[in-house]
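Asks: Coordinates only, no sequence provided:
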């Protein structure tokens, strides 16, 4: 049985202000919770209903599991259809990004991504293609937002997310910088090499002018139809796929 104060605290984590204040976020659903349990994240507690108790036995015995009522689960869940299990997880403090961390691999730089669904899909895509680091501008949507966490389907547990001054990072690490722009080189003719930063811009405005200045090579996904633009999560997936294809040759 959760106390009213505990329920209130868990409910507050649906808001960025309180996630920052308490340094924690919630993960919902058995698959996603199990992914985080098997990751480097620190699990503070796992709350579950009696209905899922037998499956909980398959998870780690080193974690604080607490059986609570369906009513309590419904109160703390951010989902329309609450799951039978929710984990309280500590927000990690990632070390500062260094050149040695990013060299000999590709990493994503996100400039002002606002939509939680797009962010979640980008994280899931990065996980699929083995991209370990996503570096976000400070005005990107919070990756611990419940909608983002849900959209990642557990992939957030395997991708390192950094919020920082992306202009400073791009300038400091001295890696090739590929920017998604409308007037760039055809992506299917682009030689990406073996390392670099892939910079994706805001859903409505694209890359900011100060970031465009730091791009070494503008790259475009050629348009065959008449759509005005391509969704940033889809565009990111195409970039990741093409880079992966180039490096498998």
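Replies: Thanks, I have the structure now. The structure displayed is predicted, hence computed values, not measured ones. Numbering: from 1, shown residues only.
Asks: and the longest helix seen in the chain, how far out from the chain's middle?
Replies: As far as residue count goes, and with DSSP state H defining each element, the longest helix of the chain is helix 232-248. Between the mean C-alpha point of helix 232-248 and the mean C-alpha point of its chain there is a distance of 17 Å (CA atoms, centre = their mean, to the nearest Å).
Asks: buried residues in it?
Replies: Of the residues in helix 232-248, those scored as buried under the neighbour-count criterion (16 or more other CB atoms under 10 Å) are 232-233, 235-237, 239-240, 242-243. For every residue, glycine as well, the C-beta is placed using N, CA and C.
Asks: The host helix or strand of residue 25 pairs with which strands, parallel or anti?
Replies: Counting by DSSP states H and E, the element that carries residue 25 is strand 24-28. Strands that pair with strand 24-28, judged by DSSP bridges, come out as strand 85-90 (antiparallel).
Asks: Give me the contacts around the partner strand.
Replies: For strand 85-90, contacts defined as CB atoms under 8 Å, 6 or more residues apart in numbering pick out 10, 13, 23-30, 33, 36-37, 41-49, 52, 56, 73, 76-77.
Asks: tell me which strands and helices the next helix or strand after it is in contact with?
Replies: For strand 85-90, the succeeding helix or strand toward the C-terminus, using DSSP H and E, is helix 99-102. In terms of contacts (3 or more CB pairs under 8 Å, 6 or more residues apart in numbering; DSSP states H and E), helix 99-102 is packed against helix 166-173.
Asks: Going along the chain, name the strands of this protein.
Replies: For the chain, strands defined by DSSP state E occupy the ranges 24-28, 43-48, 65-67, 85-90, 106-111, 133-137, 160-164, 177-186, 196-201, 217-220.
Asks: any chance of those in CSV, with mean neighbour count and distance to residue 150 too?
Replies: Output for those, formatted as CSV (neighbours: other CB atoms under 10 Å; distance: least, CB to CB, whole Å):
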stretch, mean neighbour count, distance to residue 150
strand 24-28, 23, 7
strand 43-48, 20, 17
strand 65-67, 15, 21
strand 85-90, 23, 11
strand 106-111, 25, 19
strand 133-137, 22, 17
strand 160-164, 17, 16
strand 177-186, 17, 26
strand 196-201, 23, 21
strand 217-220, 18, 30
